[in-house]
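In: Attaching a predicted model along with its sequence, questions to come.
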Amino acid sequence: MRDGELEKLLSRVSRPSRYLGTEWNAVHKDWEENPARMAFIYPDLYEVGMSHLGLAILYGAVNERAGMLMERAFAPGPDLEALLRQNHIPLFSLESHRPLYEFDVLGFTLQYEMSYTTILNILDLAGIPLLAGERTAAHPLIIGGGPGAANPEPLAPFFDAFLLGDGEEALPELLALVADLKKKGTINDRRRVLQTIAGLPGFYVPSLYEVKYNDDGTVAEVVPREKGVPARVSKRVIPDLDTAYFPTRPIVPFLEVIHDRIMLEVMRGCTHGCRFCQAGAIYRPVRERDLALLLRQAEELVRHTGHEEISLTSLSTADYSRVEELAQTLTAAYADRGVSISLPSLRVDAFSVRLAEAVQRVRKSTLTFAPEAGSQRLRDVINKGVDEEDILTATAEAFRAGWQAIKLYFMIGLPTEEEGDLLGIVHLARRILDVGRKLAPGGRPTVTVSVSSFVPKPWTAFQWEPQDRIEVIKRKQEMLRRHLKGPGMKFNWHEAEVSFIEAVLSRGDRRLSKAIAAAWRRGARLEGWTEHFNFTLWEEAFRETGIDPAFYAYRPRRDDEVFPWDHLDFGVSKAFLKKERRRAREGRVTADCRSGRCSGCGVCPGLGVDLILKGGSPGHAV
Ligand code: SF4
């Protein structure tokens, strides 16, 4: 696109800096000198996408190599979308403002199910056929990765390939292959290209697999259509994060984004084994980074970005085995430079509070804990591994240390949940508020209860479980709303309809692609935003395509059922998940393998990797 054209366009939209691509540390590589060209697409608005650490990592990992380049694209806001459509302008990348169809590869990150209609919208805005089977050599390869690739089947017809697992090494490999195929002149043979990609470890090419169904509509098997295609595709895993690429010159946005700070990734994976948690399963094993390396990276990041906050990022940062030393060293090093340290996720224990206190000396905003369930029985069912005393002690510590506001995350609709478990949420919140009234300075604490609805996810012990019906969830929310009223108490909940669509898509099969396309055609997009989500569009889409969403969300899966994702391998064995499901029913907790007792999830032996801990003593007071 010519500059004048872009200026004209951007003068008519809100937040034009979303689309400029000239931020600090943005990389502008020469198009001609780099024959393998990829655009990384975050299927949501710029402000959401630019807060994604994966983008920063992959952007740097590709751009530091010769012969390949990566640019960015995001979903346009509704105002820009309207202008693009009116003027027949194809959606473009940020760095070079070239139409997306000129790239060799478009890589979508699949962070949550509610972005699936936006992906179709982006393909459409880019002038690219939605169905992989309708695309030719003239079109880019469309690939997907991230947590959605744990079960990419509902998206299978739209994608040429999915990357399972870590991307730092796999994406440059893919682009090197593309460069090679272009040099040899074989890039135009789409079928051969896809066959070659299927031979790369970690890449799943859905069109090379056939899905057979049983008479009752369940999956009978998923088999390769031709010889040489692996029967099961294993995820990629970086065995040692210390040797992996990490960006120390990330892009600094011009406008405020959701997480406007340095993200220092201290480790990958989580060993707690909460039985509802997909991230905890698919990112195993835990691989911690070396402390000295993290300190060096922090220093470079501060120097290269000017951010005033370093967030110690991971699924469960308080678990990092040298977290005290890391937090204290960083706090001491940066306090007088005005750079603060933050921990995005906290364990429900007093140690976490003291850690939070150590890093948040000045600004004591809200402290968040996630007990997840209101009763001990249910916390044991989900393997949360904390008891009421832990929670009360931790919140008391927090109030004593000066925090006024506590936020508590719970999930409703969990397997085996009864009314008593819901009342447990109320009692716990009230007890915490009482503690706060005694201990919080000023005596006017607030407790916010935030309740999401359980979504059964692939690769978890609860992947066999039904979701509560929308009307049941609404009744439960209403009951909690009635009880969680009064001074100091706040109550938030998630829309039950959104969780229902998430449940349908998360365990769905290829047939659902028709419903996604139908919902998009009716106008669904940017559905992660409450103001854009419209359940009626989905109801109409299911009716039009003859798909019964209840089959996916509400049906308890048979013990021996073949799942649409069984031909993929994220390392965690189905036998282990079945055992965990049994233990859940018996209310038995399974120990964290960080303690040295392997619980036999299958990841380490299956993928030939090890749990990497860096010593120190987690759980000790700061
Ligand atoms: S195989 Fe054992 S040590 Fe490795 S992640 Fe699984 S439970 Fe932990």
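Out: Sure thing, it's come through. Residues are numbered from 1 along each chain as shown.
In: Enumerate the residues of the stretch 501-622 of the chain near the ligand.
Out: 593, 598-604, 611 (CB under 6 Å from any ligand atom). To be clear about C-beta, it is placed using only N, CA and C from the backbone, and glycine gets the same treatment.
In: try 8 Å
Out: 571-572, 576, 593-594, 598-606, 609-611 (CB under 8 Å from any ligand atom).
In: ChimeraX command to pick out the buried ones of these?
Out: Listed next is the ChimeraX selection for buried residues among those, using 16 or more other CB atoms under 10 Å:
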select :571,572,576,593,594,599,601,602,603,604,609,611
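In: taking the residues of the stretch 501-622 of the chain next to the ligand one by one, which sit in helices?
Out: Those of these mapping onto helices are 576, 603-606, per DSSP state H.
In: And those residues, which is closest to the ligand?
Out: residue 604 (3.4 Å; CB to the nearest ligand atom).
In: Verify the contact between residue 354 and residue 397 for me.
Out: Yes - using CB atoms under 8 Å as the test, residue 354 is close enough to residue 397 to be in contact (6.9 Å).
In: out of those two, which sits in the busier spot?
Out: Remark: of residue 354 and residue 397, residue 397 carries more neighbours, 21 against 17, as counted by other CB atoms under 10 Å.
In: Could I get the contacting residues of that one?
Out: By CB atoms under 8 Å, 6 or more residues apart in numbering, the contact list for residue 397 reads 350, 353-354.
In: Need the residues you listed in a markdown table (columns: secondary structure and distance to residue 232).
Out: Output for the contacts of residue 397, formatted as a markdown table (DSSP: H, G, I helix; E, B strand; the rest coil; distance: CB to CB, whole Å):
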| residue | secondary structure | distance to residue 232 |
| --- | --- | --- |
| 350 | helix | 44 |
| 353 | helix | 44 |
| 354 | helix | 45 |
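In: Switch the residues you listed over to CSV; also include pLDDT and distance to residue 291.
Out: CSV is the format used below for the contacts of residue 397 (pLDDT from 0 to 100; distance: CB to CB, whole Å):
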residue, pLDDT, distance to residue 291
350, 70, 23
353, 79, 22
354, 80, 19
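In: How far off centre is the helix ranked longest in the chain?
Out: In the chain, with assignment by DSSP H, the single longest helix is helix 419-439. Distance of helix 419-439 from the chain centroid (CA atoms, centre = their mean, to the nearest Å) equals 30 Å.
In: got the buried residues for that helix?
Out: 421-422, 424-426, 428-430, 432-433, 435-436, 439.
In: Extract the C-alpha trace of that helix and format it as CSV.
Out: Output of helix 419-439 as CSV, limited to C-alpha atoms (Å, rounded to 0.1, in the frame of the first residue of the first chain):
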residue,chain,number,x,y,z
GLU,A,419,-24.9,-26.7,46.5
GLY,A,420,-22.6,-27.0,49.5
ASP,A,421,-19.6,-26.3,47.4
LEU,A,422,-21.2,-23.1,46.1
LEU,A,423,-22.2,-22.0,49.6
GLY,A,424,-18.5,-22.7,50.5
ILE,A,425,-17.6,-19.9,48.1
VAL,A,426,-19.9,-17.6,50.0
HIS,A,427,-18.6,-18.6,53.4
LEU,A,428,-15.0,-18.3,52.4
ALA,A,429,-15.5,-14.9,50.9
ARG,A,430,-17.3,-13.7,54.0
ARG,A,431,-14.7,-15.1,56.3
ILE,A,432,-12.0,-13.3,54.3
LEU,A,433,-13.9,-10.1,54.5
ASP,A,434,-14.2,-10.5,58.3
VAL,A,435,-10.5,-11.1,58.6
GLY,A,436,-10.0,-7.9,56.5
ARG,A,437,-12.2,-5.9,58.7
LYS,A,438,-10.0,-6.8,61.7
LEU,A,439,-6.6,-6.5,60.0
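In: quick one: average pLDDT of the helix or strand just after that helix?
Out: Going down the chain from helix 419-439, the next helix or strand is strand 446-453, by DSSP states H and E. When pLDDT is averaged over strand 446-453, the result is 96.
In: ok, for the closest residue to the ligand within the stretch 51-200 of the chain, nearest residue in space, not its chain neighbours?
Out: In the stretch 51-200 of the chain, no residue comes nearer to the ligand than residue 165, which is 14.2 Å away by CB to the nearest ligand atom. The shortest distance from residue 165 to any non-neighbouring residue, by CB to CB, 6 or more residues apart in numbering, is to residue 235 (3.1 Å).
In: is it true that that neighbour touches residue 281?
Out: No - using CB under 8 Å, residue 235 is not in contact with residue 281; the gap is 11.0 Å.
In: All the helices of the stretch 1-150 of the chain, in order from the start?
Out: When assigned using DSSP state H, counting those that start in this stretch, the helices of the stretch 1-150 of the chain occupy the ranges 3-10, 46-49, 53-63, 78-86, 116-125.
In: before we move on, back to that, and the contacts of the longest helix of the chain?
Out: 371, 373-375, 377-378, 388, 391-392, 395-396, 399-400, 404, 406, 408, 410, 412, 414, 443, 445-447, 449, 451, 476, 479-480, 483-484, 488-489.
In: Now, of these, which are buried?
Out: Counted by 16+ other CB under 10 Å, these give 371, 373-375, 378, 388, 391-392, 395-396, 399-400, 404, 406, 408, 410, 412, 414, 445-447, 449, 451, 476, 479-480, 483-484, 488-489 as buried.
In: Sort out which of the residues you listed are in strands and list them.
Out: In strands, judged by DSSP state E, the following of the buried ones among the contacts of helix 419-439 are found: 371, 406, 408, 410, 412, 446-447, 449, 451, 489.
In: related to what we said a few turns ago, can you put the helices of the stretch 1-150 of the chain in TSV and add mean neighbour count, mean pLDDT and distance to residue 346?
Out: Formatted as TSV, those follow (neighbours: other CB atoms under 10 Å; pLDDT from 0 to 100; distance: least, CB to CB, whole Å):
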stretch	mean neighbour count	mean pLDDT	distance to residue 346
helix 3-10	13	86	40
helix 46-49	22	95	23
helix 53-63	22	96	18
helix 78-86	15	96	36
helix 116-125	24	98	31
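In: interface residues of this protein facing the ligand?
Out: So the chain meets the ligand at 269, 271, 273, 284-286, 571-572, 576, 593-594, 598-606, 609-611 (CB under 8 Å from any ligand atom).
In: try 6 Å
Out: 271, 284-285, 593, 598-604, 611.
In: Format those residues as JSON lines; extra columns: pLDDT and distance to residue 544.
Out: Listed next are the residues of the chain next to the ligand as JSON lines, based on pLDDT from 0 to 100; distance: CB to CB, whole Å:
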{"residue": "271", "pLDDT": "88", "distance to residue 544": "44"}
{"residue": "284", "pLDDT": "94", "distance to residue 544": "40"}
{"residue": "285", "pLDDT": "94", "distance to residue 544": "44"}
{"residue": "593", "pLDDT": "89", "distance to residue 544": "47"}
{"residue": "598", "pLDDT": "92", "distance to residue 544": "49"}
{"residue": "599", "pLDDT": "93", "distance to residue 544": "45"}
{"residue": "600", "pLDDT": "94", "distance to residue 544": "45"}
{"residue": "601", "pLDDT": "95", "distance to residue 544": "41"}
{"residue": "602", "pLDDT": "95", "distance to residue 544": "41"}
{"residue": "603", "pLDDT": "94", "distance to residue 544": "41"}
{"residue": "604", "pLDDT": "94", "distance to residue 544": "46"}
{"residue": "611", "pLDDT": "91", "distance to residue 544": "48"}
